[in-house]
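Asker: Any chance you can model this:
(chains A and B)
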There are 2 protein chains.
Amino acid sequence: MGFSARRCETSAMDTLVARLREGLPAEAVLTDSDVTASYAHDMASFCPAGAPAAVVLPRTVDQVRHVMRTAHEARVPVVPQGARTGLSGGANAIDGCVVLSLVRMDRILEIDPVNRYAVVEPGVVNADLSKAVAAHGLAYPPDPSSWEQCTIGGNIGTGSGGLCCVKYGVTAEYVLGLDVVLADGRLLTTGRRTAKGVAGYDLTRLFVGSEGTLGVVVGAVLALRPAPPRQLVLAAEFGSAAAAGDAVCRIMAEGHTPSLLELMDATTIAAVNKLTRMGLPESTRALLLAAFDTADPAADLAAVAELCRGAGATDVVPAEDDAESEMLLAARRSALVALEAVKGTTMIDDVCVPRSRLADLLDGVAAIAERHRLTIGVCAHAGDGNTHPTVCFDARDEDESRRARASFDEIMALGLDLGGTITGEHGVGVLKKEWLARELGQDGVELQRAIRQVFDPRGILNPGKVL
Amino acid sequence: MGFSARRCETSAMDTLVARLREGLPAEAVLTDSDVTASYAHDMASFCPAGAPAAVVLPRTVDQVRHVMRTAHEARVPVVPQGARTGLSGGANAIDGCVVLSLVRMDRILEIDPVNRYAVVEPGVVNADLSKAVAAHGLAYPPDPSSWEQCTIGGNIGTGSGGLCCVKYGVTAEYVLGLDVVLADGRLLTTGRRTAKGVAGYDLTRLFVGSEGTLGVVVGAVLALRPAPPRQLVLAAEFGSAAAAGDAVCRIMAEGHTPSLLELMDATTIAAVNKLTRMGLPESTRALLLAAFDTADPAADLAAVAELCRGAGATDVVPAEDDAESEMLLAARRSALVALEAVKGTTMIDDVCVPRSRLADLLDGVAAIAERHRLTIGVCAHAGDGNTHPTVCFDARDEDESRRARASFDEIMALGLDLGGTITGEHGVGVLKKEWLARELGQDGVELQRAIRQVFDPRGILNPGKVL
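Answerer: Alright, predicted model coming up:
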């Protein structure tokens, strides 16, 4: 870049920042490059990320509208962000963009026990909402592993899942209505506060999982449920993925509705033991955790234990009390951090297959790991067929990094071959963008691009993400 | 119209029919105007309807594609139809259109108990699917009142609800993936067969409730649930709408999850008694039916009975057995037919409000009925706040018809004032088209129109409906 072009760009950036400051308090506009760089990445640290021109931290809807109007006029890209716990690079900065962080819009505006909804700002942390509604005897079920950090806005942007989905479903099923600031700064309200509604196309659902490419969510009406009884957990050990997969099929075919049905493979168990010294059984090939929050969870667990034995479980251990249940869940929740400790870096896949193909996926991933001489640990929301094969590698080792990337792609191809999807709950971001067309087909991609164009004709909303 | 223009039009119609016949068996193309006229209307008999140029009854996806390609080339409107049990005129014919009836595509292609889904063609009747999956110990919950006639394709097009939604949700929540023939004949597959998935924008959900304006659904993957235990029903009588509404609020605020929570007002009770001689209690102002399909429904009903008494119920009668439960449900299911018998014609509204405003809506409707000197019976999915104020009138009486229409509109205005929606489960069709903008706002309507334009640039898919 020549001197005059650079000066021109600097001047444009100064103008942009000056315009942003006109509608935002001084402390809400960050431009120090050391500071803004700390907003460049979500948790997919190996995904490319650019240098933001500014980071803005609005507290009100009007301030967000000002940001979008300003960026729209200047045709500057805007990257909406929550807590940056995403795993696909969907919130990663783009060179010269405005990072629009919603974390300061963190108020719970209303909790309505009769109508069973909450009205929240996007920056509310998932766990804070869960605790607040629990005080009313209610639950907001979606529980991503990052629930103590991640925000509702991020959950909506990604269409997040979690551990309880096998019984309670995903984020999308809890979003009744949204307030969205559009690319040009207009404020759109979608959906409703009622239990049902079919007035026009479902724009609410279109925004859920759109990863900040269609608009900026500044408010949400979320459905709540009565708080369930505390769940009781059982652990079952299996000598093979096939046996564990068979157990999952038997449990679901028998009509059980566990509140959680999780799986960890031997690699994950070893990693968790190393990190936490929990003493999980390392001789097993697959550890299945099942839980029930029914009126009589012990009876349900007994039935499931019998099905696990029928599928060849080598040991079945029901938790004796809440503390033991909690320990088993903590082991599962620590899996990704434990796997990250193995080699320093992980690529976490998110392939979801019909649950009847779970064993095929697990065996296929093991074969991929062996072929590429890699450590790939698998933990899975087994009841949903949603697996997280996690490739452990040393990012400083070029060859290993290359093999890691290759195996990551092969796992997605395997998932599609098995009738699955490349992403069950983490989203596309930049990580899986090239793979989206393989799942959707060319017509699907074209329609989705055309819809994006409707909402964002200038292409300023999170460009380069999703598709 | 001059002679030559008419000849020109006739000739164009002949060409269209000839082209349609090229890809369809002879018996699948109907052109006799007496026959085609019988396909002109859904059940909103007072809504305007045109004369179709032809009715086609394809049996295969390829035949549907042929129909759409033909219509697209000729720029002829296409009106997709199921069983025509709709209540908003959404399936009503347009002059010169091709009515595309999907009722002969009625095969259940797959029922998978492990993965808990069914793959069906659009013409499968709701009740047939329910019976087929019941044989596998599974349930397809959405149960519109017309479930013995209506088709899955119609349910998807409308985003239908039903009696069980208060516990099990609406059609949209059960549609995992779709095969859709687009306006130009291309075949698009959306969604997935997996429990979860967030790959790209949720086009599946966009099609659900789009009333045939974005594409023609030719196949669906539907989520299934384990069949619940048989439900036990309780009837509670109230002296006022306020008391019944209060009972609904108490039941939901206490964290109960009934499988059904329905309400009938005095007008509806009298109409049902007249039609069925069931002997429902005519002295009551509002009859509430609550049901549970839990492990111990009698205990849940006892708790609900206590709450009803606390809210001022004048009598509470639990069903003693399945037969009594079934009788109460039959009374509720006969409500709309019974109200139709009152004056010959009904306009069935479908306003859904937050359940805490249910009593306000009921009182407001009573005031509207009085002001317009009309009989308006209300039955409601009370647990969802979804009411069906049903205006009874004599269509031959011009003044009464005018007052009926005015009251119908006032009820929608009231619903919006109470924070509700103009349609909870019946759709917009032609009946509520003018009202949609009042609910969505101008920006919302513009965005929806632009999305429609993406899918149907020539405007041939069910034009004049929804927006």
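Asker: Span of stretch A:167-183 from start to end?
Answerer: With C-alpha to C-alpha, to the nearest Å as the measure, stretch A:167-183 spans 36 Å from end to end.
Asker: Repeat that for stretch A:287-297.
Answerer: 20 Å.
Asker: got it, and stretch A:221-239?
Answerer: Per C-alpha to C-alpha, stretch A:221-239 runs 45 Å from first to last residue.
Asker: how far does that stretch sit from the chain's center?
Answerer: Averaged C-alpha coordinates place stretch A:221-239 at 19 Å from its chain's average position (C-alpha atoms, centre = their mean, to the nearest Å).
Asker: swap in stretch A:155-166?
Answerer: On the basis of C-alpha atoms, centre = their mean, stretch A:155-166 sits 6 Å off its chain's mean C-alpha point.
Asker: Mind listing what's buried along it?
Answerer: Neighbour counts over stretch A:155-166 (16 or more other C-beta atoms under 10 Å in any protein chain shown) mark A:155-166 as buried. Where you see a C-beta, it was placed from the backbone N, CA and C, and this is true even at glycine.
Asker: how much does the top helix by length along chain A deviate in direction from helix B:433-455?
Answerer: Counting by DSSP state H, the longest helix found in chain A is helix A:433-455. Angle of helix A:433-455 versus helix B:433-455, following axes from the mean of the first three to the mean of the last three C-alpha atoms, to 10 degrees, is 140 degrees.
Asker: can you dump the C-alpha coordinates of helix A:433-455 into CSV?
Answerer: The C-alpha coordinates for helix A:433-455 follow below in CSV (Å, rounded to 0.1, in the frame of the first residue of the first chain):
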residue,chain,number,x,y,z
LYS,A,433,-17.7,-22.4,5.5
GLU,A,434,-16.3,-24.5,2.7
TRP,A,435,-18.2,-27.5,3.9
LEU,A,436,-21.6,-25.9,4.0
ALA,A,437,-22.2,-26.2,0.3
ARG,A,438,-21.5,-29.9,0.5
GLU,A,439,-24.3,-30.3,3.0
LEU,A,440,-26.8,-27.8,1.5
GLY,A,441,-26.2,-28.3,-2.2
GLN,A,442,-25.8,-25.4,-4.7
ASP,A,443,-29.4,-24.4,-4.8
GLY,A,444,-29.6,-24.3,-1.0
VAL,A,445,-26.5,-22.1,-0.8
GLU,A,446,-27.8,-19.8,-3.5
LEU,A,447,-31.2,-19.3,-1.7
GLN,A,448,-29.4,-18.7,1.5
ARG,A,449,-27.2,-16.1,-0.1
ALA,A,450,-30.2,-14.4,-1.6
ILE,A,451,-31.9,-14.2,1.8
ARG,A,452,-28.7,-12.7,3.3
GLN,A,453,-28.8,-10.1,0.5
VAL,A,454,-32.3,-9.2,1.5
PHE,A,455,-31.2,-8.4,5.0
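Asker: Local confidence estimate at residue A:8?
Answerer: Residue A:8 is assigned a pLDDT of 61 by the prediction.
Asker: returning to that earlier point: in TSV, list the buried residues of stretch A:155-166 along with pLDDT, secondary structure and distance to chain B.
Answerer: Shown next, in TSV, are the buried residues of stretch A:155-166 (pLDDT from 0 to 100; DSSP: H, G, I helix; E, B strand; the rest coil; distance: C-beta to the nearest C-beta, whole Å):
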residue	pLDDT	secondary structure	distance to chain B
A:155	98	helix	11
A:156	98	helix	11
A:157	98	helix	10
A:158	97	helix	7
A:159	96	coil	4
A:160	96	coil	8
A:161	94	coil	5
A:162	90	coil	10
A:163	92	coil	12
A:164	94	coil	12
A:165	95	helix	6
A:166	96	helix	7
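Asker: Pull the most distant pair out of the residues you listed.
Answerer: Farthest pair in the buried residues of stretch A:155-166 (C-beta to C-beta) is A:157 and A:166. Separation: 22.7 Å.
Asker: Isn't residue A:270 up against residue A:281?
Answerer: No. Counting by C-beta atoms under 8 Å, residue A:270 does not reach residue A:281; the two are 10.6 Å apart.
Asker: So residue A:143, which state does it fall into?
Answerer: Per DSSP: H, G, I helix; E, B strand; the rest coil, the local secondary structure of residue A:143 is coil.
Asker: For it, give its distance to chain B.
Answerer: 14 Å (C-beta to the nearest C-beta, to the nearest Å).
Asker: for residue A:297, same thing?
Answerer: The separation that residue A:297 has from chain B, given C-beta to the nearest C-beta, amounts to 12 Å.
Asker: List the residues that contact that residue.
Answerer: Each residue near residue A:297 by C-beta atoms under 8 Å, 6 or more residues apart in numbering or on different chains is listed here: A:229, A:231-232, A:291.
Asker: so which of these comes closest to residue B:57?
Answerer: For the contacts of residue A:297, the residue nearest residue B:57 by C-beta to C-beta is residue A:291; the value is 49.7 Å.
Asker: what about the closest one, how many neighbours?
Answerer: 27 (other C-beta atoms under 10 Å in any protein chain shown).
Asker: Output the contacting helices and strands for whichever strand or helix holds it.
Answerer: Residue A:291 belongs to strand A:286-292 when assigned by DSSP states H and E. Secondary-structure packing of strand A:286-292 (3 or more C-beta pairs under 8 Å, 6 or more residues apart in numbering or on different chains; DSSP states H and E): strand A:232-238, helix A:241-253, strand A:260-265, helix A:297-310, helix A:322-333.
Asker: How about residues contacting that strand?
Answerer: With contacts defined as C-beta under 8 Å, 6+ apart, strand A:286-292 is touched by A:231-238, A:240-241, A:243-244, A:247-248, A:251, A:256, A:258-266, A:269, A:280-281, A:297, A:300-301, A:304, A:308, A:313, A:325, A:328-329, A:332, A:362, A:382.
Asker: Give me the buried subset of those.
Answerer: A:231-238, A:240-241, A:243-244, A:247-248, A:251, A:256, A:258-266, A:269, A:280, A:297, A:300-301, A:304, A:308, A:313, A:325, A:328-329, A:332, A:362, A:382.
Asker: distance of residue A:323 from chain B?
Answerer: 26 Å.
Asker: If you could redo that for residue A:50, that was the one I meant.
Answerer: Residue A:50 is 23 Å from chain B, by C-beta to the nearest C-beta.
Asker: ditto for residue A:303
Answerer: To chain B, residue A:303 is 13 Å away according to C-beta to the nearest C-beta.
Asker: I appreciate the help and will end here.
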